[in-house]
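Please work out how this folds:
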Amino acid sequence: MKAPCDEIFIRSQSADAPCMPEARPWILAATILASSMAFIDGTVVNVAIPTLQTVFHATVVGAQWVVESYGLFLSSLILAGGALGDLFGRRRVFLIGVGIFAAASAACGLAPSILTLVVARCVQGIGAALLVPGSLAIISASFDDESRGKAIGTWSGFTAITTALGPVIGGWLIEHGSWRWAFFLNLPLAIAVLVISLRRVPESRGSKIQHVDWQGALAATLGLGGLVTGFLESAKLGWRNPLVWGSLAGGLACLIVFFAIERRAPSPMVPLELFKSRSFRGANLVTLFLYAAIGVFFFLFPMNLIQAQGYSTSAAGAAGVPMILLLFFLSRWSGGLIHRYGGKLPLVVGPLVVAVGFALFALMPAESGYWKTYFPAFLVLGLGMAITVAPLTTVVMSSVDQEHVGAASGINNAVARVAGVLAIAVFGILMVKAFGARLEQSLAKLPVAPNVVQEIRSREIEFVGLEPPQGLDPNAAAAIRRTITDAFLWGFRLVLFACAGLAVASALVARRLIDSPMEERGPNQ
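I've put the predicted structure just below:
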């Protein structure tokens, strides 16, 4: 899913380089294509994970790193990327981001190993951190107040469609071609963006930014990187390993340093005074919990469909389309909820509906087929998110003064991305531990030799991609495969219930911290 508050960021900036009417379609085309590259890449890779595990014989930790490396650099550097555009030129930084993203996409498609792919994904995340805020800032600078609303609607509509179609197209390419084409797909898009931008997009700069908070950006990257490394590697190395506890301790220390830097920085990435607003704190906690649940769900769900249920990659990519389309078609309706009920009620009801959606995924028997299980669950999940997203972005905007709306929207956007990164790392531990415990329990009941059981246990980290040892009787091999699938589904259901718990926690936070319309008093409430 797209992170929230993109539209608010566009609305909050001034049109300091308004373009001629004939240039507007070209500017929208460039920014839509560029944003779509980043959005598509964040979803297509989840569908490609099972294939990557098979091709590279990767463990679940390796698969997590493929996703996490991109999200880590994007989430920690996206605020700095926006500041760079204001300081050195929005189009210039945007084009640099597109170029880096394209080169890294080519490197991903050519990667000969999982390690090379992870490194290329890191570079891709850096490029996305430059092009995503750059595309939003270019729209803000180029369209005046009269034309901005229509531009935002066009951008939102097209990026929603590409977000929905990206996994479908990527899944089809993976199934009928190669996983590498999921990354090569970015190259013609990037070339089109570069050509249009060089010819049609005007340059602009921001007047408020005097320097980039490099210290804060470095501390945030090291802090998140340390936590993610510690959590991910704990599944393979154990908590007592020096790399694990050293990464966690170093990550926590860097995050403490980050907040100290932000408190003293003249132009901080994250102005901490915004968190004096109770509603702003509440909105970001709602975002953290809810997008953590969404992030880990969309990481594990394609594995469930492809490796446990036997879906094709095309079908797995298309499975979530009903949810995205529901969000798109209900966007106008959900935007009116806050005018009728204020921000508090939708932010309580919406996450509770999301929790019901996760519970349906956990409770419905998968063997009943997509249309009787996953389809209705996606509709409920989409309805809950539709109720939540528009009121959430409005609460973020209304909880701070007008001068800080741009910073507030950027922070909330970054929180949504950080939530997904941390959730995959943390809940990945729960998934691996639950899978291992269930697998060992079930293996003890099978009539197989102890050495076979020992070999399977030694390879538990391969997760649902684990294959029985060679040379086994076909019946024994089939029984082991069923046991592996059962262990995965057991762990997946536990994670789904945890996701439902996070959604309920979002509702409780909203009830406690989000002010009702009669209580809204401004940024220092």
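
quick one, what contacts the residue nearest to I161 when sequence neighbours are not counted?
Closest residue in space to I161, ignoring its immediate chain neighbours: F328 at 7.4 Å, by Cβ to Cβ, 6 or more residues apart in numbering. Quick note: C-beta positions are derived from backbone N, CA and C, even for glycine. Under the criterion of Cβ atoms under 8 Å, 6 or more residues apart in numbering, the contact list for F328 reads G157, A160, I161, A164.

Can you name the helix or strand that F328 falls in?
Here F328 sits within helix 321-329, counting by DSSP states H and E.

and that helix, C-alpha only, in CSV?
The C-alpha coordinates for helix 321-329 follow below in CSV (Å, rounded to 0.1, in the frame of the first residue of the first chain):
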residue,chain,number,x,y,z
VAL,A,321,-6.3,-6.1,-6.3
PRO,A,322,-9.9,-6.0,-4.9
MET,A,323,-8.6,-4.3,-1.8
ILE,A,324,-6.7,-1.6,-3.8
LEU,A,325,-9.6,-1.0,-6.1
LEU,A,326,-12.0,-0.7,-3.1
LEU,A,327,-9.7,1.9,-1.5
PHE,A,328,-9.6,3.8,-4.8
PHE,A,329,-13.4,3.8,-5.3
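
List the buried residues for that helix?
Neighbour-count burial for helix 321-329 flags P322, M323, I324, L326, L327, F328 (criterion: 16 or more other Cβ atoms under 10 Å).

Please apply the same query to stretch 177-185.
Those would be W179, R180, W181, A182, F183, F184, L185, for stretch 177-185 by 16+ other Cβ under 10 Å.

quick one: the second one and A29, what's the gap?
With the distance defined as Cβ to Cβ, to the nearest Å, R180 ends up 27 Å from A29.

ok, now the fifth one?
Taking Cβ to Cβ as the measure, F183 and A29 are separated by 22 Å.

Same question for the third one.
As for W181, its distance to A29 is 23 Å (criterion: Cβ to Cβ).

again, but for S314
28 Å.

L326 too?
27 Å.

Now E68. Nearest residue, chain neighbours left out?
Nearest non-adjacent residue to E68 (Cβ to Cβ, 6+ apart): V228, at 5.5 Å.

isn't the one you found right next to A423, touching?
No: applying Cβ atoms under 8 Å, one finds V228 not in contact with A423, separated by 10.7 Å.

quick one on the thing from earlier: and of the buried residues of helix 321-329, the nearest to G410?
L327 (21.7 Å; Cβ to Cβ).

List the buried residues for whichever strand or helix holds S140?
Applying DSSP H and E as the criterion places S140 in helix 114-142. Neighbour counts using 16+ other Cβ under 10 Å place 114, 117-142 of helix 114-142 among the buried residues.

what mean pLDDT would you report for that helix?
The pLDDT scores in helix 114-142 average 91.

and the next element down the chain from it?
helix 145-176.

Name the residues that touch the very next helix or strand once past that following helix?
Under the assignment DSSP H and E, the closest C-terminal helix or strand after helix 145-176 is helix 180-184. Helix 180-184 is contacted by residues 41, 44-45, 47-48, 105-106, 108-110, 170, 173-174 when judged by Cβ under 8 Å, 6+ apart.

Contacts for the helix or strand following helix 180-184, please.
Scanning forward in sequence from helix 180-184 by DSSP H and E, the next helix or strand is helix 186-200. Here helix 186-200 makes contact (Cβ under 8 Å, 6+ apart) with 23, 26-27, 29-30, 33-34, 36-37, 40-41, 91, 94-95, 98-99, 101-102, 105-106.

Just the buried residues of those residues.
26-27, 29-30, 33-34, 36-37, 40-41, 91, 94-95, 98-99, 101-102, 105-106.

What about these, which are in helices?
Among the buried ones among the contacts of helix 186-200, DSSP state H puts 26-27, 29-30, 33-34, 36-37, 40-41, 91, 94-95, 98-99, 101-102, 105-106 in helices.

May I ask which of the contacts of helix 180-184 has the most neighbours?
V47 (33 neighbours; other Cβ atoms under 10 Å).

What separation do you get for it and I8?
30 Å.

do the same with V270
16 Å.

Check which helix or strand L248 maps to.
With DSSP H and E as the criterion, L248 is inside helix 242-264.

tell me how far whatever helix or strand comes next after that helix is from the chain's mean position?
The helix or strand immediately downstream of helix 242-264 is helix 278-303, counting by DSSP H and E. How far helix 278-303 lies from its chain's middle: 9 Å, per Cα atoms, centre = their mean, to the nearest Å.

all numbers from here: first residue = 890
Yes, from this point I'll number from 890; that puts the last item at helix 1167-1192.

buried stuff in the helix or strand hosting A1366?
Assigned by DSSP H and E, A1366 falls within helix 1363-1402. By 16+ other Cβ under 10 Å, the buried positions in helix 1363-1402 come out as 1365-1366, 1368-1369, 1372-1374, 1376-1385, 1387-1389, 1391-1396, 1398-1399, 1402.

got the angle between it and helix 1167-1192?
Using axes from the mean of the first three to the mean of the last three Cα atoms, to 10 degrees, one finds that helix 1363-1402 and helix 1167-1192 are set 170 degrees apart in direction.

And helix 1363-1402, what does it pack against?
Counting contacts by 3 or more Cβ pairs under 8 Å, 6 or more residues apart in numbering; DSSP states H and E, helix 1363-1402 is packed against helix 1167-1192, helix 1233-1252, helix 1294-1332, helix 1339-1347.

Just want the angle from it to helix 1294-1332.
150 degrees.

what pLDDT, on average, does helix 1363-1402 get?
Mean predicted confidence for helix 1363-1402 is 93.

Show me how far it is from its chain's centre.
With Cα atoms, centre = their mean, you get 19 Å for helix 1363-1402.

can you state the direction angle for that helix and helix 1339-1347?
30 degrees.

Check which helix or strand the residue nearest to E957 maps to.
Assigned by DSSP H and E, V1117 falls in helix 1103-1126.

show me the residues around the nearest residue to L1144 once chain neighbours are set aside that make contact.
Take L1144 and drop its neighbours on the chain: the residue closest to it by Cβ to Cβ, 6+ apart is G1112, 3.7 Å away. Contact analysis of G1112 by Cβ under 8 Å, 6+ apart lists S965, G1140, L1141, A1142, C1143, L1144, V1146, F1147.

State the pLDDT value of G1112.
On the pLDDT scale, G1112 gets 95.

likewise W1068?
91.

My read is that it contacts V936, right?
No: contact criterion Cβ under 8 Å: W1068 and V936 do not qualify, at 9.3 Å.

so how far is L1241 from the closest residue to V1242 other than its chain neighbours?
Setting aside the residues directly before and after it, V1242 is nearest to G1273 in space (Cβ to Cβ, 6+ apart), at 3.3 Å. Distance of G1273 to L1241, computed by Cβ to Cβ: 7 Å.

quick one on the thing from earlier: what's the angle between the helix holding V1117 and helix 1131-1153?
Going by the same axes, to 10 degrees, helix 1103-1126 makes 160 degrees with helix 1131-1153.

and helix 1103-1126 with helix 1003-1031, angle?
Using the same axes, to 10 degrees, helix 1103-1126 lies at 150 degrees relative to helix 1003-1031.
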